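*Asks:* next comes the sequence, and after it the predicted model I'd like to discuss.
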Amino acid sequence: QVQLVESGGGLVQPGGSMRLSCRASGFTLDDYTIAWFRQAPGKEREGVSCMVGSTGVTYDADSVKGRFTISRDNAKKTVSLQMNSLKPEETAVYYCAAQIVGTTAYNYWGQGPQVTVSS
């Protein structure tokens, strides 16, 4: 059974850092693209960062380049998102999702922890 379980989230001050983790089970990370999305209240879901299968190639949204870093620990089957210099407008529910490499749909989603950036 494919499952994504996220950890992290909570309250952080503007300019602060937070790390989210997504633990995968039921599939091999090399066969999937793992992405992080976020959705703020009243806004559409947007892609933040992703890492492609066995290549390890990463893509980041322009809005987070230089501040967010996606990484993978194959031994722990975990993909993490390190977020630095967080801004209040980045308050959102953050989701990890998995997509079979070569396809277009993200079929598996984590539960989505809340990240609140506020003083």
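*Replies:* That came through fine. Numbering: from 1, shown residues only.
*Asks:* quick one: residues in contact with stretch 101-115.
*Replies:* Applying CB atoms under 8 Å, 6 or more residues apart in numbering, the contact partners of stretch 101-115 are 2-10, 12, 18, 20, 22, 31-33, 35, 38-39, 52-54, 83, 86, 90-100. Backbone N, C-alpha and C define where each C-beta goes, glycine included.
*Asks:* okay, and the closest residue to Ser80 other than its chain neighbours sits in which element?
*Replies:* Spatially, and ignoring its direct neighbours in sequence, Ser80 is nearest to Ser21 (4.7 Å; CB to CB, 6 or more residues apart in numbering). Secondary structure from DSSP states H and E places Ser21 in strand 18-25.
*Asks:* now Leu81
*Replies:* Residue-wise, Leu81 maps onto strand 78-83 under DSSP H and E.
*Asks:* identify the residues contacting that strand?
*Replies:* 17-24, 29, 34, 36, 48-49, 51, 64, 67-73, 90, 94, 96, 115.
*Asks:* just the buried members of those residues?
*Replies:* 18, 20-24, 29, 34, 36, 48-49, 51, 64, 68-70, 72, 90, 94, 96, 115 (16 or more other CB atoms under 10 Å).
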